[in-house]
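**Q** Got a predicted structure here, sequence first:
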Amino acid sequence: MKLVVPRLSVRELYLAVRYGPERIGKKGAAAVRFLKALGLEGFEGDEGRFRERLKEKLLQELGFDRILRRSSEKGAVTPALLSAVAKAEGIEISKASASNLLRIFVELGLVTRLRTWATYTPSLKDAILALVASKGEVTIGDLERVLGPGVREALVKLWAAEKVEIMGSLRGPLPGPLSLPRDFVRRWGAVVPAKVVEEAGLSDSPRLEKFVDRRTGEVMCSILLRSDDRVRIIVS
């Protein structure tokens with residue numbers, strides 16, 4: 001299901017359904033489309049009952065009760081995170097529509113808007129997940145500028161644990177998702193002996209880069225991540 005949510009208040013939605021879309025001017029057409037998508041275009045009753053029916057439609061019938069709970073488990077509920085979790089639940093909603101929907105939830109008393117300046121992130125991996133969840137998608141270069149060294153190694157571990165997806169830039173030399181076998185990376189980590197890579201049939205992977213370990217003289221392979229690679233949270 002695709003859900004498009006216009007930037008309208010609950011009051012405007014009620015006025016449109018109760019007195020006609022012309023009551024709210026240019027926003028009327030968008031209100032009608034949204035009300036029709038919710039099955040509320042023929043609503044009759046006072047504003048209080050309309051608010052309750054709107055809650056029922058969004059939370060129970062469309063499943064946003066579960067979506068909001070799942071989003072909250074991952075941290076502060078942002079439009080990007082709400083959009084990602086909704087997609088995992090079968091509802092396609094853009095970040096702009098998710099932002100508009102969050103405004104409606106705030107009006108309905110279902111979401112509380114907080115002004116916070118910090119999130120508890122006791123490890124680098126926690127910090128990465130918090131930043132990616134807050135923005136929806138972040139480049140590795142941006143993460144490194146904020147969090148410093150160690151980001152790429154932590155990202156490999158998060159990717160292997162199926163916490164994040166790593167996508168190459170469409171304009172770069174490594175487009176598409178990082179597609180190494182996750183079981184292989186979980187076992188060996190970010191740096192693997194070249195002979196192990198060959199035995200696994202991965203020698204031709206563009207995401208594996210050979211180098212010589214100066215201490216042992218052994219040929220090794222490291223997972224190649226680029227600063228323009230994009231990182232997203234995996235919602236499962």
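**A** Sure, I can see it.
**Q** Show the contacting residues for residue 42.
**A** Listed by CB atoms under 8 Å, 6 or more residues apart in numbering, residue 42 has no contact partners. (Glycine included, C-beta is placed from N, CA and C.)
**Q** Work out for me the element it sits within.
**A** Applying DSSP states H and E as the criterion places residue 42 outside every helix and strand.
**Q** Least confident secondary structure element in the protein?
**A** The helix or strand of the chain with the poorest confidence is helix 124-135; it has a mean of 88 (mean pLDDT, DSSP states H and E).
**Q** Can you give the contact residues for that helix?
**A** With CB under 8 Å, 6+ apart as the criterion, helix 124-135 contacts 74-76, 78, 80-81, 119-121, 138, 143, 146-147, 150-151, 154-155, 157-158, 163-164, 231-233.
**Q** Restrict that helix to CA atoms and write it as PDB.
**A** What follows is helix 124-135, C-alpha atoms only, in PDB (Å, rounded to 0.1, in the frame of the first residue of the first chain):
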ATOM      1  CA  LEU A 124      31.000   3.300  18.200                       C
ATOM      2  CA  LYS A 125      28.500   0.800  16.700                       C
ATOM      3  CA  ASP A 126      25.700   2.400  18.800                       C
ATOM      4  CA  ALA A 127      26.700   5.800  17.600                       C
ATOM      5  CA  ILE A 128      26.700   4.700  14.000                       C
ATOM      6  CA  LEU A 129      23.200   3.200  14.300                       C
ATOM      7  CA  ALA A 130      21.900   6.300  16.100                       C
ATOM      8  CA  LEU A 131      23.200   8.600  13.300                       C
ATOM      9  CA  VAL A 132      21.900   6.400  10.500                       C
ATOM     10  CA  ALA A 133      18.500   6.000  12.100                       C
ATOM     11  CA  SER A 134      18.100   9.700  12.600                       C
ATOM     12  CA  LYS A 135      18.900  10.600   9.000                       C
END
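**Q** Can you mark which positions in it are buried?
**A** 124, 125, 127, 128, 129, 130, 131, 132, 133, 135 (16 or more other CB atoms under 10 Å).
**Q** same check, this time on stretch 225-236
**A** Buried residues in stretch 225-236 (16+ other CB under 10 Å): 225, 226, 228, 229, 230, 231, 232, 233, 235.
**Q** Give the residue spans of this protein that score low on pLDDT.
**A** The chain contains residues with pLDDT under 70 at 75, 114-120, 236.
**Q** Which parts of it are strands?
**A** Counting by DSSP state E, the chain has strands at residues 138-139, 164-168, 176-177, 191-193, 208-212, 219-223, 230-233.
**Q** that older thread, turn the buried residues of helix 124-135 into JSON lines, columns for distance to residue 65.
**A** Below are those laid out as JSON lines (distance: CB to CB, whole Å):
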{"residue": "124", "distance to residue 65": "33"}
{"residue": "125", "distance to residue 65": "29"}
{"residue": "127", "distance to residue 65": "30"}
{"residue": "128", "distance to residue 65": "29"}
{"residue": "129", "distance to residue 65": "24"}
{"residue": "130", "distance to residue 65": "24"}
{"residue": "131", "distance to residue 65": "27"}
{"residue": "132", "distance to residue 65": "25"}
{"residue": "133", "distance to residue 65": "20"}
{"residue": "135", "distance to residue 65": "25"}
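**Q** Domain map for the protein?
**A** According to automatic domain parsing, the chain comprises the domains 10-107, 124-233.
**Q** so how far is the shortest one off the chain centroid?
**A** Between the mean C-alpha point of domain 10-107 and the mean C-alpha point of its chain there is a distance of 19 Å (CA atoms, centre = their mean, to the nearest Å).
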